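> generate a structure from the sequence data that follows.
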Amino acid sequence: MKTTTYSRRTFLRRCGAGAAAISIVPARVLGRGGWVAPSERITIGCIGLGSQGQGNMRNFIAQPDVEIVALCDVERGREGFAKGLHAAVVTARQQYEKTGRPVSDQQFAVYHDFRELLARPDIDAVSIATPDHWHGIITVAAARAGKDIYCEKPLTNSIPEGRAVVDAVARYGRVLQTGSHERSNDTCRFAWELVRNGRIGTLREVEVRLPTSEPHHQRIRAATGPVRPSEPPETLDYEFWLGPAPWHPYLEETTHFGWRFVMSTGGGEMTDRGAHVLDLVQFIHNNDTQMPVELRAAGRRAASPLYDAFMDFEFEFRYADGVRVHGRSEGDRGLKLIGTRGWIFIQIHGGRLQADPPSLLRERILPHEEHTERSPGHHRNFLDCVRSRRKPVAHEWIGYRTATICHLLNASMELGGRPLRWDAEHERIVGDSEADRWIRRPLRAPWTI
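Numbering: from 1, shown residues only. Next up, the predicted model:
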């Protein structure tokens, strides 16, 4: 961790106070009034301040050893608008007040360009919650700048970008946590222990449910046009928002939330909540170091000129040990782990468990059996690892492999549902040059990774 190590004397001098004026030094400088001493704080800059970005910011502010010092977004925001810099400053101040550590607006430096934030030597870590198409570029730049990284899932919007992130984290010795927070639920980790210790017998298959029937899905389905591009609001730098994505005219519907269902900026439900569910498949099948060997998916897009992600789909993939995963876009969101002597269902979000027989959920894992480390919470786990330099529960390789599965399933749907064979060692699709080209989507100049 690259925490600033100013002495108390240095802090007093910077605050304009000498040794004779200690009584007027703010409590936050002295580590009093609920504040951790400056030399012990982890300073964080937040990049991307929509709903998820502000949620992560609030979670970090709740930690007593964190100080948010910088906020960055290409949307300035405005009064009554819930996203962007204006709303984030208000939210941050309110959250600090709730913790009993009130601050002024001046605590938060605001930036339009993430590169300016990354250039600050006093920032230890960044939280990245931009649209998916920016994840890879900003994460690699953050690692190069010596920052530890909390990046939302999916870790990147393409497979090559994911590998670039893995390489950058290793090269610059950084800590990265993917925002796959379901991994930190105690219930999900208990399910791992039940499966790993044979309580459902031998795991044979996993059923995945990713329903696309919520109100926002219905809005996507109902958006049949006509398409009417307009001028972006003055508060939004739309060209910067697009960044590495192919250029298209500004549409409000596909910018602030709907980008998730445009394949150049997101990946539909497969990379939205699918990244949570498929991440747990990887975790509980104990394959965080492996990948499926065969995948197939078929899907149907919404009848909309605005969105091109797949809204109705079914898929299947197989691991080398024979375990098969089946999924479809309906049912309760989650995954059902089916063994030779029973099953466990994990609901997403929250991790509520069901089982057959129900007595499985009353099982006790004995001391000599396999245990998985419990997480103190996803954001807290990241901060603890910033201090210890250990790997977090959803480190870069985990985020990369889960996102790769999502992208391969989308690729199969794009190519009419044909099966794909994945060579994990060489990170390529075997015997299908068209599919292999599809997963290597170029970035729009001048952006590179």
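> okay, CA-based contacts and neighbour counts for the rest of this
Will do.
> how about E205, secondary structure?
Secondary structure, DSSP: H, G, I helix; E, B strand; the rest coil: E205 is strand.
> chain neighbours aside, what residue packs nearest to it?
Distances taken as Cα to Cα, 6 or more residues apart in numbering place R324 nearest to E205, at 4.8 Å, with adjacent residues excluded.
> check contacts around that neighbour.
When contacts are counted by Cα atoms under 8 Å, 6 or more residues apart in numbering, R324 touches 204-206, 316-318.
> could you work out the most separated pair of the residues you listed?
Spatially, the most separated pair among those is R204 and E316, at 13.5 Å (Cα to Cα).
> between these two, which is the more surrounded one?
E316 (19 against 16; other Cα atoms under 10 Å).
> can you tell me how far W438 is from M413?
When distance is defined by Cα to Cα, to the nearest Å, W438 is 11 Å away from M413.
> before we move on, what about R296?
Per Cα to Cα, R296 is found 8 Å from M413.
> kindly report the same for P232.
Per Cα to Cα, P232 is found 32 Å from M413.
> give me the more crowded residue out of the two.
Per other Cα under 10 Å, whichever of P232 and M413 has more neighbours is M413, with 23 against 15.
> ok, the spatially closest residue to the more buried one that is not a sequence neighbour - contacts?
Nearest residue to M413 in three dimensions, chain neighbours excluded: A298, at 4.8 Å (Cα to Cα, 6+ apart). By Cα under 8 Å, 6+ apart, A298 lies in contact with 313-315, 412-413, 416-418.
> turn these into TSV, columns for distance to P160 and secondary structure.
Listed next are those as TSV, based on distance: Cα to Cα, whole Å; DSSP: H, G, I helix; E, B strand; the rest coil:
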residue	distance to P160	secondary structure
F313	25	strand
E314	25	strand
F315	23	strand
S412	17	helix
M413	19	helix
G416	22	coil
G417	22	coil
R418	21	coil
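> which among the residues you listed gets closest to S158?
Nearest to S158, judged by Cα to Cα, of the contacts of A298 is S412 at 14.0 Å.
> where does pLDDT dip in the stretch 51-200 of the chain?
Across the stretch 51-200 of the chain, the ranges flagged by pLDDT under 70 are 79-80, 105.
> tell me the domain boundaries of the protein?
The chain breaks down into these structural domains: 8-182, 185-367+397-438 (assignment by automatic domain parsing).
> now the helices for the stretch 301-449 of the chain?
All helices of the stretch 301-449 of the chain, identified by DSSP state H, counting those that start in this stretch, fall at 378-388, 396-414, 433-438.
> which elements pack onto the last one?
For helix 433-438, the helices and strands in contact under the criterion 3 or more Cα pairs under 8 Å, 6 or more residues apart in numbering; DSSP states H and E are helix 396-414, strand 428-429.
> go again with 7 Å.
strand 428-429 (3 or more Cα pairs under 7 Å, 6 or more residues apart in numbering; DSSP states H and E).
> parallel or antiparallel, list what pairs with the strand it packs on.
Here strand 428-429 has these sheet partners by DSSP bridges: strand 420-423 (antiparallel).
> any idea of the mean pLDDT for the strand it pairs with?
In this model, strand 420-423 has an average pLDDT of 96.
> can I get it in PDB, CA atoms only?
Provided in PDB are the C-alpha atoms of strand 420-423 (Å, rounded to 0.1, in the frame of the first residue of the first chain):
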ATOM      1  CA  LEU A 420     -17.300 -23.300 -29.100                       C
ATOM      2  CA  ARG A 421     -14.300 -25.100 -27.800                       C
ATOM      3  CA  TRP A 422     -12.100 -23.000 -25.500                       C
ATOM      4  CA  ASP A 423      -8.400 -23.600 -25.200                       C
END
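> residues in contact with it: which ones?
Strand 420-423 is contacted by residues 293-296, 412, 428-430 when judged by Cα atoms under 7 Å, 6 or more residues apart in numbering.
> most widely separated two among these?
Across the contacts of strand 420-423, the longest distance by Cα to Cα is 15.3 Å; it joins R296 and R428.
> the two: which is more packed in?
More crowded of R296 and R428, by other Cα under 10 Å: R296, with 22 against 19.
> from one end of stretch 196-208 to the other, what's the distance?
End to end - Cα to Cα - stretch 196-208 spans 19 Å.
> which residues sit against that stretch?
323-328, 334-343, 369-370.
> and what of stretch 65-75?
So stretch 65-75 is in contact with 36, 40-49, 60-61, 84-85, 107-114, 117, 235-237, 240-241, going by Cα under 7 Å, 6+ apart.
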